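> The sequence isn't on hand, but the structure is:
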């Protein structure tokens with residue numbers, strides 16, 4: 001079968017299509033024919049060595065497709081079922097082995113591409129707004145990179161909870177996308193802290209959701225109200241360097257957290273509950289999923305280039 005392989009860490013050029021052996025389903029696992037694989041910044045971090053992986057390896061974690069083979073001890077799934085997952089290494093491939101505990105069934109009305117587009121980014125937006133900082137009605141939230149995959153979904157979820165969104169974007173077209181998703185206000189990355197203060201009559205926002213990292217961290221702290229929460233869930237501009245915790249005291253007894261999806265889907269029951277709620281919103285037309293680009297599997301390099309250059313909006317998918 002065809003798969004993307006990485007022999008050495010580096011730029012997008014290290015993503016190489018290759019012929020590899022067919023996978024088999026071991027105990028507790030299934031083999032899935034991949035219909036769509038999601039492209040995410042964590043794939044970039046694996047590729048460039050920010051999150052070290054044993055070499056060589058096959059990138060990709062997220063996708064959706066049809067069950068091909070069921071391993072010993074697997075219950076609840078059968079050949080032909082449409083399923084999705086967020087944590088199966090090697091998902092940039094025509095077929096992948098997925099632990100049964102990582103699988104969620106995809107309901108009628110939610111296709112493979114849509115399911116693949118929300119397993120990492122949608123579940124992330126879900127836990128950020130419902131668990132890490134459960135947005136309350138009337139609260140202001142800063143959503144960075146609001147025209148991206150997480151940003152568009154997070155904006156919608158904050159709004160459905162009754163919150164207000166100050167979105168940040170880098171271009172007028174992306175600002176229009178953020179407004180279409182429900183953002184109340186849009187600002188640039190250079191002046192969002194000042195705008196946050198203006199919108200809240202000087203008090204500051206309740207929460208900053210930041211997947212950008214180094215470039216926006218300091219201003220994000222300035223945007224918060226006393227006892228506000230800074231949620232750092234990514235580092236698209238680079239990782240935030242160590243800082244003096246006394247800054248949180250001086251700025252108003254702030255909270256800073258660095259959550260990851262794995263800790264908000266600790267078992268199959270929690271994973272399925274979050275996915276079912278997401279799929280329910282999508283099926284009811286209450287959550288719009290934007291796929292900003294589709295690439296053949298062999299063009300994984302192009303997908304990574306577009307993601308890192310911020311040429312994309314919404315979700316990027318590879319279609320084996």
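Everything's here; your move. Here the structure is a predicted model, which is why all the values come from computation and not from measurement.
> mind listing the helices for the stretch 101-250 of the chain?
In the stretch 101-250 of the chain, the helices defined using DSSP state H, counting those that start in this stretch lie at 112-118, 121-127, 149-160, 172-180, 192-199, 217-223, 246-250.
> Name the residues of the shortest one that come out as buried.
Translated: helix 246-250. Neighbour-count burial for helix 246-250, with 16 or more other C-beta atoms under 10 Å as criterion, is recorded at residue 248. Just so you know, the C-beta spots here come from the backbone N, C-alpha and C atoms, and that holds for glycine as well.
> cool, the fourth one as well?
If you call a residue buried by 16+ other C-beta under 10 Å, then helix 172-180 has these buried ones: 174-175, 177-179.
> Considering the residues you listed, which is situated nearest to residue 34?
Out of the buried residues of helix 172-180, the one with the shortest distance to residue 34 is residue 177. That distance is 27.7 Å, counting by C-beta to C-beta.
> ok, now how distant is the closest one from residue 170?
As defined by C-beta to C-beta, to the nearest Å, residue 177 lies at a distance of 11 Å from residue 170.
> follow-up on the earlier one: with distance to residue 116 and pLDDT as new columns, can the buried residues of helix 172-180 be given to me in a markdown table?
A markdown table is the format used below for the buried residues of helix 172-180 (distance: C-beta to C-beta, whole Å; pLDDT from 0 to 100):
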| residue | distance to residue 116 | pLDDT |
| --- | --- | --- |
| 174 | 23 | 94 |
| 175 | 27 | 97 |
| 177 | 20 | 95 |
| 178 | 23 | 97 |
| 179 | 26 | 98 |
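> Output those in a markdown table; the columns should cover distance to residue 64.
Shown next, in a markdown table, are the buried residues of helix 172-180 (distance: C-beta to C-beta, whole Å):
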| residue | distance to residue 64 |
| --- | --- |
| 174 | 26 |
| 175 | 30 |
| 177 | 24 |
| 178 | 26 |
| 179 | 29 |
